[in-house]
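Enquirer: 3D model of this:
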Amino acid sequence: MQMVSCEIRDQMANASWIRKMFEKGLELKKRFGVENVYDFSLGNPDIPPPARAREALHSLAERAVQPFGMGYCPNAGLPEFREALAAYLSRQQEAPVQASHVLVTCGAAGALTAFFRAVLEPGDEVLCPAPYFVEYGFYCGHFGGVLKPVPALPPHFQPDIAAMEAAVTDKTRVILVNSPNNPAGCIYSRTTLERLAALVDRVNAKRERPLYLVSDEPYRFLAYDGAEVPPVLPLSPFTLVLGSFSKNLSMAGERIGYIVANPAMPDVAVLMNAVTMTNRTLGFVNAPVLGQRLAMALLNEGVDISVYNRRRQAMAKVLTDAGITFAMPKGAFYFFPQAPGGDDQVFVQALLVQNVLAVPGAGFGFPGYFRLSFSVDEKVIVKSGEGFKAAVAAMGKRH
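Expert: Numbers count the residues shown, from 1 in each chain. Below you'll find the predicted structure:
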């Protein structure tokens, strides 16, 4: 019996490599013990939320504010949170953002899904640099969109602007970028983003249906060694930014994100009203109210990023000692090294033999590399070193 649609059946068959490796990790931990498995498969923030989170939660419990204490709130989010978020984003994005330009969503994923529902027609293309976050294709595919990846330029994975321009067609509706990048750990330079914005403006000068430049920024807070994460909104009227509080506040399970549109965009109110409607009709209705209040209370707080930086240094030493080639990540909490022997899936299997879990680059649209998440305890990273060396040695014996 055909229980599900053909499209979803195909998606299930090609399900996320991240989840596959995570499930394999659960199996290995049962067999060998948690302390003997080195799981770098999942980008799940494990650093405690800011210290003020406990105080904020107690305060929320005592106040039990009404209206919207535990009930529905406006689909676009709590009005006071949208006001506060608009002021916060005005500073971050160097643009005069008002509350009307901001929609609070169920995570950045909810923001992107609602946006795609609002703007995509069947057959429209979403252009993005590869490597890219694995779920992008599913998010746009739900509404008939087609993800069209364009390989970036290793080892630092800046987008290939000439190749992206050549890939633009009459069906291209969105250029989607993710910086700091998951999985590459790179940060797109100001020059790169300016060139992408100029491309968008050139295309839109000849169009009735605009091409949007959308920046997915859940890792904006996590930049190392003084690296700049340039604001995108000032670069073109047709820009939008997505973000969330999943990583910077370690609140992934609360599902609080947002989408903000450039105030200078023509008919920006029409677009924001449309995304607010799709946010409701997709079944999100509104982002969790308690999560919104918690995020508002912690809006200018953040986790201790020095912990991630120490882990980054530890992971770099492990890879260097194993003879694995990589570019040092400038942001996020991922490494994207070259796979010894060139076949990422074969090398990931060699790591599995050593109880080390990684994700092949093929899952991110960029074979020949593999992803490691260093959102794990530093002791786990250090203890994994011998496993990486053994996996590299095993690859050497194959040739």
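Enquirer: Quick one: the strands in the protein, in order.
Expert: For the chain, the strands defined by DSSP state E occupy 38-39, 102-105, 125-130, 146-151, 172-178, 212-216, 239-244, 257-261, 334-335, 356-357, 359-360, 370-373.
Enquirer: Save those as a markdown table, and put in distance to residue 27, mean pLDDT and mean neighbour count too.
Expert: All C-beta spots, glycine's among them, are computed from the backbone N, C-alpha and C. Listed next are the strands of the chain as a markdown table, based on distance: least, Cβ to Cβ, whole Å; pLDDT from 0 to 100; neighbours: other Cβ atoms under 10 Å:
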| stretch | distance to residue 27 | mean pLDDT | mean neighbour count |
| --- | --- | --- | --- |
| strand 38-39 | 11 | 94 | 24 |
| strand 102-105 | 34 | 98 | 28 |
| strand 125-130 | 30 | 98 | 25 |
| strand 146-151 | 30 | 98 | 19 |
| strand 172-178 | 30 | 98 | 24 |
| strand 212-216 | 31 | 98 | 25 |
| strand 239-244 | 30 | 97 | 26 |
| strand 257-261 | 31 | 98 | 27 |
| strand 334-335 | 23 | 98 | 26 |
| strand 356-357 | 10 | 95 | 24 |
| strand 359-360 | 16 | 94 | 26 |
| strand 370-373 | 18 | 97 | 28 |
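Enquirer: mind checking which of these is nearest residue 225?
Expert: Nearest to residue 225 among the strands of the chain is strand 334-335 (15.2 Å), distances taken as Cβ to Cβ.
Enquirer: returning to that earlier point: can you lay out the strands of the chain as CSV showing distance to residue 185?
Expert: Converted to CSV, the strands of the chain look like this (distance: least, Cβ to Cβ, whole Å):
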stretch, distance to residue 185
strand 38-39, 18
strand 102-105, 25
strand 125-130, 14
strand 146-151, 17
strand 172-178, 11
strand 212-216, 15
strand 239-244, 18
strand 257-261, 21
strand 334-335, 5
strand 356-357, 18
strand 359-360, 13
strand 370-373, 9
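Enquirer: Name the nearest residue to residue 161, sequence neighbours excluded.
Expert: residue 195 (4.7 Å; Cβ to Cβ, 6 or more residues apart in numbering).
Enquirer: Now do residue 17, the pLDDT please.
Expert: Residue 17 is assigned 67 on the pLDDT scale.
Enquirer: re earlier: mind checking how far the residue nearest to residue 161 is from residue 186?
Expert: Using Cβ to Cβ, to the nearest Å, one obtains 16 Å as the distance from residue 195 to residue 186.
Enquirer: Neighbour count: the two, which is higher?
Expert: residue 186 (29 against 17; other Cβ atoms under 10 Å).
Enquirer: quick one: that one and residue 334 touch, right?
Expert: No. Applying Cβ atoms under 8 Å, one finds residue 186 not in contact with residue 334, separated by 9.6 Å.
Enquirer: Now do the contacts for the closest residue to residue 252 other than its chain neighbours.
Expert: If the residues on either side of it in the chain are set aside, residue 252 comes closest to residue 246, at 3.9 Å by Cβ to Cβ, 6+ apart. Under the criterion of Cβ atoms under 8 Å, 6 or more residues apart in numbering, the contact list for residue 246 reads 45, 107, 108, 218, 252, 254, 255, 256, 257.
Enquirer: Isn't the third one up against residue 215?
Expert: Put plainly, it is residue 108. No. Contact between residue 108 and residue 215 fails when scored by Cβ under 8 Å: they sit 10.6 Å apart.
Enquirer: Need the residues touching each of these two.
Expert: In contact with both residue 108 and residue 215: residue 242, using Cβ under 8 Å, 6+ apart.
Enquirer: before we move on, the earlier item: how far away is the residue nearest to residue 161 from residue 219?
Expert: Relative to residue 219, residue 195 is positioned 22 Å away (Cβ to Cβ).
Enquirer: repeat for residue 194
Expert: With Cβ to Cβ as the criterion, residue 194 and residue 219 are 21 Å apart.
Enquirer: Please identify which of the two sits among more neighbours.
Expert: residue 219 (25 against 16).
Enquirer: Could you give the separation of stretch 49-58 from the chain centroid?
Expert: The chain centroid and the centroid of stretch 49-58 are separated by 25 Å under Cα atoms, centre = their mean, to the nearest Å.
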